[in-house]
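Fold the stuff below for me.
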Amino acid sequence: MNNPTLKQKLSSINLNFDDIFYQRCETFSSLLQEWGAVHNFTSFKALKPDIIEENIYDSIYPLSFLNPFESFADIGTGAGYPGMLLAIAKPDTKATLIEPKAKRVAFLNFVKNTLNLDNVEIISKRVQEIKPANYDLITSRAVTNTSLLLSLTSHISSANSEYLFYKGSLCQEEVEDAKLKNYQIINTTQYRNYLYIKREGLF
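Numbers count the residues shown, from 1 in each chain. This is a model prediction of the structure:
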């Protein structure tokens, strides 16, 4: 039996997108392979088409359980996960991608312009250096621990902000260290835990 396509996998969790979304995902994958091979800002393994597709699915999966949001900031977007993919999936949502490394910023800007993503703003700074703001959702994948992330993003959040952190096997330990009260851990594999910190009474 053939492996399911990205469309089939997303449809199986009730995430249905139009053809433009899948075309943009294909273009993103091609651009990442081209830029990654030349500019060396991600590992060689991460440029394999099946790995890129896994990362796209991993980035998009939380839309199956998140509350509605109209704006989000992604901390340390890197090669585009999850922020660029969330922006592609939700083109009517204001997306702010925060990434300090120049090569990755250049790639993200090229993707934005190639895909005509008017909803995307890319900030070439560390999160602690950006101006205070208020986002509905703050996301991050593979960037430091939960306690530090909450501290670093306190100036771009409010009591109504929610957090989505893409975590690995140490997720529960980080939750205990951060003394979180209102959260949910959604587990898909041994190595992927989505830590969803909901609005109101975070601490």
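
make it CA atoms for all contacts and neighbour counts henceforth
Fine.

can you give me the helices for the protein?
Listed in chain order, the helices of the chain (DSSP state H) span 6-11, 19-39, 49-60, 83-89, 102-114, 146-152, 171-178.

residue contacts, the residue lying closest to Ser59 once chain neighbours are set aside?
Distances taken as C-alpha to C-alpha, 6 or more residues apart in numbering put Pro82 closest to Ser59, at 4.5 Å, once the chain neighbours are dropped. Under the criterion of C-alpha atoms under 8 Å, 6 or more residues apart in numbering, the neighbours of Pro82 are Ile56, Asp58, Ser59, Ile60, Asp74, Thr139, Ser140, Arg141.

So what pairs up with the closest residue to the last one other than its chain neighbours in the strands?
In this case it means Arg141. Nearest residue to Arg141 in three dimensions, chain neighbours excluded: Tyr166, at 4.7 Å (C-alpha to C-alpha, 6+ apart). Note on Tyr166: beta-bridge partners Arg141, Tyr194, judged by DSSP bridges.

count of neighbours near Tyr166?
Look at Tyr166: counted by other C-alpha atoms under 10 Å, it has 24 neighbours.

Low-confidence stretches in the chain?
Applying pLDDT under 70 to the chain flags residues 1-2, 200-203.

Quick check: the residue positioned nearest the centre of it vs Ser161, distance?
Compute the mean C-alpha point of the chain, and by C-alpha atoms, centre = their mean the closest residue is Pro82, 2.0 Å away. Separation of Pro82 from Ser161 (C-alpha to C-alpha, to the nearest Å): 18 Å.

what about Gln128, distance to Phe110?
In this structure, Gln128 and Phe110 are 25 Å apart, going by C-alpha to C-alpha.
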